[in-house]
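>>> What follows is a protein structure lacking sequence information:
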């Protein structure tokens with residue numbers, strides 16, 4: 001099955017963990033979103049980012065890879081519950097390109113047994129996520 005979701009960021013909190021300057025650093029970010037479309041709900045994410053360039057005064061110019069997890073709670077295909085997504089991506093040219101994998105055995109409630117993967121390319125704090133999934 002396939003779901004198309006409009007994801008809208010509600011918050012973003014980032015702090016530098018290590019590095020010589022904000023454009024060459026390891027940072028952590030937590031953020032929350034709302035989901036609309038084929039999956040209605042919300043999520044909380046935690047990312048580790050490795051900046052390798054760009055201007056911290058203009059976050060859209062920052063460059064580097066990131067990895068983390070997103071915990072989603074909502075309703076998909078008439079089923080309510082939650083699941084976790086593992087995220088891996090890269091930010092360059094103002095675009096955050098992210099590949100997602102549903103964490104095995106993370107589904108709860110009516111979403112227990114969900115598996116799948118997805119992706120998005122975000123240029124702003126609202127973006128479209130494509131998710132392919134099945135239920136075991």
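Structure's in. What do you need? A quick note: this is a predicted structure, and the numbers were derived from the prediction, not measured.
>>> Buried residues, the host helix or strand of residue 7. List them.
Following DSSP states H and E, one finds residue 7 within strand 2-21. For strand 2-21, burial by neighbour count (16 or more other CB atoms under 10 Å) applies to 3, 5, 7, 9. Glycine gets a C-beta too; all of them are placed from N, C-alpha and C.
>>> any chance of these in JSON lines, with pLDDT too?
Shown next, in JSON lines, are the buried residues of strand 2-21 (pLDDT from 0 to 100):
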{"residue": "3", "pLDDT": "98"}
{"residue": "5", "pLDDT": "98"}
{"residue": "7", "pLDDT": "98"}
{"residue": "9", "pLDDT": "95"}
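>>> Tell me the one of those residues nearest residue 132?
Among the buried residues of strand 2-21, residue 3 lies closest to residue 132 (CB to CB), at 8.0 Å.
>>> Counting by contacts, list what the strand holding residue 7 packs against.
Packed against strand 2-21 by the contact rule (3 or more CB pairs under 8 Å, 6 or more residues apart in numbering; DSSP states H and E) you find strand 24-37, strand 39-50, strand 126-135.
>>> Okay, now the sheet partners of the last one, with direction.
Strand 126-135 pairs in its sheet with strand 2-21 (antiparallel), strand 114-122 (antiparallel), by DSSP bridges.
>>> ok and the longest one relative to strand 39-50, angle-wise?
So the one you mean is strand 2-21. Orientation check (axes from the mean of the first three to the mean of the last three CA atoms, to 10 degrees): strand 2-21 against strand 39-50 gives 20 degrees.
>>> Residues touching strand 2-21, excluding its own?
With contact meaning CB atoms under 8 Å, 6 or more residues apart in numbering, strand 2-21 is reached by 22, 25-39, 42-43, 48-49, 51, 56, 76-77, 120, 122, 125-133.
>>> That concludes my questions; thank you for your assistance.
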